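Enquirer: Next comes the sequence, and after it the predicted model I'd like to discuss.
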Amino acid sequence: MRRVVITGMGLLTPLGRGVERNWTRLIAGENGFRRIDRFEVEDLAVQVAAMVPMGTGEGELDLDSVAPAKERRRMDDFIVYALAAAEEAVEDSGWKPTDEELCARTGVMIGSGIGGLHSISECSMVMEKSGPRRVSPFFIPSSLINLASGHVSIKYGFTGPNHSAVTACATGAHAIGDAARLIIFGDADVMVAGGAEAAVCRLGIAGFASAKALSSSYNDRPSESSRPWDVGRDGFVMGEGAGVVVLEDYEHAKKRGAKIYGEIKGYGLSGDAYHITAPHPEGRGAKLAMSMAIKNSGLPAEAVDYINAHGTSTPLGDEIECAAVKSVFGAHAYTLSMSSTKSSIGHLLGAAGAVEAIYSVLALRDQVVPPTLNLHQPSEGCDIDLVPLQAKERKVDVVQSNSFGFGGTNASLIMTRV
Amino acid sequence: MSDVAERVKKIVVEHLGVEEDKVTENASFIDDLGADSLDTVELVMAFEEEFGIEIPDDAAEKILTVKDAISFITKAEG
């Protein structure tokens, strides 16, 4: 069977633009939460979010550098974010073929949880106010989720498989796992894969707030709002951004002398078959996905050193995930480390799985695991090493990254050094 | 240059992101100014908005150059 490795990575998160900048800030315990200043929030129950820093300064997103203003009228921000992360990943990988056959062996699978929510919301208001003749011809193509993959393929000329995962908060992990399978199956040699999300808008905040998914008690203390496993947690905090990796057939990467960050060793997927938003009380789907990824990797469960948890900071989900880990790993649960980087960047929904897979690979590289910020007093039963408050140096040979989404969709990835 | 021509050119520059001197009266939106079919739909909408007129679809299809737009709008306003 073909082996799939990671040869390029790109990040755009509330911690900024760029993989190294993200990692340095993450390990230093910094966070990207602030009071929402992009739109009116006075009438919203939730007034904090983790937002991509915009501007022309170091690590900020300069929109014009990603696409000129004329092009951006054709794209919702989630597509701009995908392009920014894809650009870093593709440059990093050094894989920029121009040969027609090589381009046909290179595909794209970048998903999103919601897609162009802001565009849909804005355009709906235009329709209401001015009628159908004022609806922009760019409205549909700027909102469709697969247009992130479409734009990346147009920019680089990649004519291989062009696909998108859409599985809410598991999107990024599913995109990487499924793209790896396209390589294993021989449909492509290289896949640009990941997730992008830009749902921090009035409608997005209002919708998740109504579903009682968001933190609302920390509007005056944004940096304390995301606190996975802590007794004071009260919901997740919306984040935005994109994570994109370049996946490649191992022999293909070796032959061209590419830098290899790690290997996609295992992938598991499952459904809770339980509820549209609530996780199964016994973590049925979470356990199935984790176990399948472990089995698929061919490694013993005891090999896993670090888990990047889904850990969104919701009252129910965090405890269920911790219990699921204890059930899957038994005594080894007390040897491994697990943290939630959502405590630093919030929940990037469809981008979360891809961003967190990249953080996990960097933990492999540097033998350090990122912290769970604001974890002062863990809930009952959350008694494994959750890396509270500070990053920790430790042996990291095998990492597992969990992502669970609305609808009870679950994905888990296992990655190792090569 | 007429006021209509000025305003048309300003819209074209803004929407297509092209240099002002490229927007000559004979310039074709698609062949000379890099527009695609979606851009031309958006341009027509912008003209309608700016001049407070309605450009029916069959007329819009015939607006291929800057001059076509200026003539149609001048007549419609007339």
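Expert: Now that the structure is in, tell me what you want to look at. Numbering: from 1, shown residues only, chains lettered A, B, ... in the order given.

Enquirer: And residue A:349, how close does it get to residue A:1?
Expert: 32 Å (Cβ to Cβ, to the nearest Å). Heads up, the C-betas are built off the backbone N, CA and C, glycines and all.

Enquirer: Same drill for these two, tell me which one is more crowded.
Expert: Neighbours per residue (other Cβ atoms under 10 Å in any protein chain shown) separate residue A:349 from residue A:1, with residue A:349 holding more: 32 against 5.

Enquirer: And for the residue nearest to that one when sequence neighbours are not counted, the neighbour number?
Expert: Nearest non-adjacent residue to residue A:349, counting by Cβ to Cβ, 6 or more residues apart in numbering or on different chains: residue A:113, 3.9 Å away. By other Cβ under 10 Å, the residues close to residue A:113 number 28.

Enquirer: So residue A:113, which state does it fall into?
Expert: coil (DSSP: H, G, I helix; E, B strand; the rest coil).

Enquirer: And for the one 5 residues further on?
Expert: Counting by three-state DSSP, the backbone at residue A:118 sits in helix.

Enquirer: That one reaches residue A:197, doesn't it?
Expert: No. If you go by Cβ atoms under 8 Å, residue A:118 and residue A:197 don't touch, sitting 10.9 Å apart.

Enquirer: More neighbours: which of the two?
Expert: Taking neighbours as other Cβ under 10 Å, residue A:118 and residue A:197 compare with residue A:197 leading, 34 against 23.

Enquirer: that older thread, show me what contacts the residue nearest to residue A:349?
Expert: A:166-169, A:171, A:195, A:197, A:199, A:349-351, A:405 (Cβ atoms under 8 Å, 6 or more residues apart in numbering or on different chains).

Enquirer: and the residue of chain A found nearest chain B, how many residues sit next to it?
Expert: Nearest residue of chain A to chain B (Cβ to the nearest Cβ) works out as residue A:70 at 3.2 Å. Number of residues near residue A:70 (other Cβ under 10 Å) recorded here: 15.

Enquirer: and it, what helix or strand is that in?
Expert: helix A:69-72 (DSSP states H and E).

Enquirer: Counting neighbours, show which residues of that helix come out buried.
Expert: Neighbour-count burial for helix A:69-72, counted by 16 or more other Cβ atoms under 10 Å in any protein chain shown, picks out residue A:72.

Enquirer: What of stretch B:20-40?
Expert: Applying 16+ other Cβ under 10 Å to stretch B:20-40 flags B:23, B:27, B:29, B:33, B:35, B:39-40 as buried.

Enquirer: Now do the contacts for residue B:32.
Expert: Residue B:32 touches residue B:22, counting by Cβ under 8 Å, 6+ apart.

Enquirer: three-state assignment of it?
Expert: What three-state DSSP gives for residue B:32 is coil.

Enquirer: circling back to that earlier point, ok, and the most crowded of the contacts of residue A:113?
Expert: residue A:195 (41 neighbours).

Enquirer: Identify the residue spatially nearest to that one, adjacent ones excluded.
Expert: Residue A:195 sits nearest to residue A:172 (Cβ to Cβ, 6+ apart), 3.2 Å away.

Enquirer: Now the element after whichever strand or helix holds that neighbour, going C-ward?
Expert: Assessed by DSSP H and E, residue A:172 sits inside helix A:171-184. Helices and strands here follow DSSP H and E; after helix A:171-184, the next one along the chain is strand A:190-197.

Enquirer: Please verify my assumption that residue B:67 contacts residue B:25.
Expert: Yes. At 4.3 Å, residue B:67 and residue B:25 qualify as touching, with contact defined as Cβ under 8 Å.

Enquirer: Return the residues in contact with residue 62.
Expert: No chain specified, so I'll use chain A. A:54-56.

Enquirer: was after chain B, sorry
Expert: B:68, B:72.

Enquirer: Wait, a strand at it?
Expert: No. With three-state DSSP as the criterion, residue B:62 is coil rather than part of a strand.

Enquirer: Helix, strand, or coil at the spatially most central residue of chain A?
Expert: For chain A, the residue nearest the mean C-alpha position is residue A:352 (1.9 Å; Cα atoms, centre = their mean). Three-state assignment for residue A:352 (three-state DSSP): helix.

Enquirer: count of neighbours near residue B:49?
Expert: Residue B:49 has 13 nearby residues by other Cβ under 10 Å.

Enquirer: State the pLDDT value of the closest residue in space to it that isn't next to it in sequence.
Expert: Setting aside the residues directly before and after it, residue B:49 is nearest to residue A:134 in space (Cβ to Cβ, 6+ apart), at 7.5 Å. pLDDT, residue A:134: 94.

Enquirer: One more: residue A:69?
Expert: 89.

Enquirer: what's the answer for the one 4 residues further on, then?
Expert: Residue A:73 is assigned a pLDDT of 91 by the prediction.

Enquirer: Excluding chain neighbours, what is closest to it?
Expert: Residue A:73 sits nearest to residue A:138 (Cβ to Cβ, 6+ apart), 5.7 Å away.

Enquirer: Quick check: the one you found vs residue A:76, distance?
Expert: Taking Cβ to Cβ, one finds residue A:138 at 10 Å from residue A:76.

Enquirer: could you give the mean pLDDT of whichever strand or helix holds residue A:87?
Expert: Using DSSP H and E, residue A:87 sits within helix A:77-93. Averaging pLDDT along helix A:77-93 yields 98.

Enquirer: Also stretch A:17-24?
Expert: The model assigns stretch A:17-24 a mean pLDDT of 98.

Enquirer: what do you get for stretch A:283-293?
Expert: Stretch A:283-293 comes out at a mean pLDDT of 98.

Enquirer: now do stretch A:118-131
Expert: 97.

Enquirer: now do stretch A:238-245
Expert: For stretch A:238-245, the mean pLDDT works out to 98.

Enquirer: re the thing from before, can you list the buried residues of stretch B:20-40 in a markdown table and add secondary structure?
Expert: Shown next, in a markdown table, are the buried residues of stretch B:20-40 (three-state DSSP):
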| residue | secondary structure |
| --- | --- |
| B:23 | coil |
| B:27 | coil |
| B:29 | coil |
| B:33 | coil |
| B:35 | coil |
| B:39 | helix |
| B:40 | helix |
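
Enquirer: Quick one: the helices in chain B, in order.
Expert: In chain order, chain B shows helices spanning B:3-16, B:37-51, B:57-60, B:66-77, with DSSP state H as the criterion.
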